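>>> Give me a model of this one.
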Amino acid sequence: MTIECNQLETAYSPSLNRPILNGIDCKIKQGEFVALLGLNGAGKSTLLRSFVGLIPVKTGEIRINDTLITPRTLRRIRRDVGLIFQGGGLVKQLPAIDNVLCGCLGGLNTWETLWGFPKKQRDRAFELLANFGLKDLAYQKTGQLSGGQQQKVAIARALIQSPQILLADEPTAGLDVIAAQQVIEILAQLHREQGMTVVVVLHDLGMASTYPERAIVLDAGQIVYDGKCHNLSDKFSKLTPPKVEV
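Model prediction:
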C-alpha cells in the first residue's frame, strides 16, 4: 500500500507561531522502510498520525492506496494500517495477551466478542507473543513487563490485524540501547521478510542511518530533505531549533 500527501497543512500552533505542518508533499511507496526525522516540534509525529486521521487536516489531502482519507473511508483504511504509539499506548492493568487482542477489535463485530475473543484470534495472539519470546508472559499484567517487552506487546497488537502498513511513533523512546535495537530490528525484519511498508519516527540518527532505506527530514513543518539515509548528522546541523518563549 502507498501513502501520498498533497499540500498537507494542519492547524496553526500558537506556541510554534506557525502551522504544525505546512505544504507537505510526499509519497511513500509499497514496501518502503522510511524514517521521519527532525528536531522537537518539527511535525514528525503529527505527519505520521495524520496518515490515519488522528490529526485533522486543514487543507490538502492524504491518500492510502489511491483512496482519499475521509470520515467515511477511515474505518476501512485503518484495518490495513497498524499503529505503534510512543510508550506502547497499552492498558497496563490488562494481561499482555488481552492488549494484543485489542488490536483486532476494529475487524470484529460486537456479537463476535460477547463471550470473549474467537479462538482464531486468541491463537494468533499467542503465536505473535511466542515469536517475540513472550509466550510465558502472556497472562502477566502488561505494566509489570520491562519497557522493551511492553513495546513488543505493542508491535504484536499492531500485527494481529495483518496490516499492510506499519506506522511507529518513536517506538524506541525511553528504552535502553539493547531493547531499542531489538525493537527496530523487529520492524526491519517485518519490512524485509513480509514486504511491509514501515514508517517510523526516530530520534536516533545511528538507527536511522543503519536500518531504514529512506529518510524524510522535517524542519518547521516542512520537508527539507527526502532521500537516502546518509550524512544525516550534516542535515541536522542545518535545522532550526524551535524557539522557546520565557
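>>> When you work out contacts or count neighbours from here on, use the C-alpha atoms and nothing else.
Will do.
>>> Spatially central residue (nearest the centroid) of this structure, please.
Closest residue to the average C-alpha location of the chain: Ala168 at 2.0 Å, with CA atoms, centre = their mean.
>>> Within the helices and strands, which one has that one?
With the criterion set as DSSP states H and E, the secondary-structure element containing Ala168 is strand 165-169.
>>> what stretches of the chain score poorly on pLDDT?
Scanning the chain for pLDDT under 70 picks out the ranges 106-116, 242-246.
>>> count of neighbours near Thr67?
Using other CA atoms under 10 Å, the number of residues around Thr67 comes to 14.
>>> For it, give me its contacts.
Shown here is Thr67, whose contacts under the criterion CA atoms under 8 Å, 6 or more residues apart in numbering are Thr73.
>>> Mind splitting this structure into its structural domains?
By the assignment in automatic domain parsing, the chain contains the domains 1-80+164-241, 85-162.
>>> Quick one: distance of the last one to the chain centre.
In terms of CA atoms, centre = their mean, to the nearest Å, the centre of domain 85-162 is set 17 Å apart from its chain centre.
>>> Pull up the distance across it, start to finish.
Chord length of domain 85-162, first to last residue, is 17 Å (CA to CA, to the nearest Å).
>>> just the longest one next, same as before
In domain 1-80+164-241, first residue to last residue: 34 Å (CA to CA).
>>> Can you list the buried residues in stretch 131-141?
132, 134-135, 137-138, 140-141 (16 or more other CA atoms under 10 Å).
>>> Next, the angle from the lengthiest helix in the chain to strand 165-169.
Within the chain, and with DSSP state H defining each element, the longest helix by residue count is helix 177-194. Orientation note: helix 177-194 sits at an angle of 160 degrees relative to strand 165-169 (axes from the mean of the first three to the mean of the last three CA atoms, to 10 degrees).
>>> All the helices of this structure, residue numbers only.
Here the chain has its helices, by DSSP H, at 44-50, 74-78, 96-101, 119-131, 147-159, 177-194, 205-210, 232-236.
>>> ok, residues contacting the first one?
The set of residues external to helix 44-50 that reach it, using CA under 8 Å, 6+ apart, is 20-21, 36-38, 55-57, 167, 169, 199, 201, 218.
>>> Out of those residues, which is nearest to Leu83?
The shortest separation between Leu83 and any of these is 4.8 Å, and it belongs to Leu167 (by CA to CA).
>>> circling back: could you say what helices and strands the strand holding Ala168 packs with?
Under the contact criterion of 3 or more CA pairs under 8 Å, 6 or more residues apart in numbering; DSSP states H and E, strand 165-169 touches helix 44-50, strand 81-84, strand 197-201.
>>> So for Thr70, which of these sits nearest?
Taking CA to CA as the measure, those were each checked against Thr70, and helix 44-50 came out nearest at 11.4 Å.
>>> how far out from the middle of the chain is the closest one?
Centroid displacement of helix 44-50 relative to its chain, using CA atoms, centre = their mean, is 9 Å.
>>> Check stretch 2-22 too.
Taking the mean C-alpha point of stretch 2-22 and that of its whole chain, the gap between them comes to 18 Å (CA atoms, centre = their mean).
>>> do the same with stretch 172-190
Chain-centre distance of stretch 172-190: 13 Å, with CA atoms, centre = their mean.
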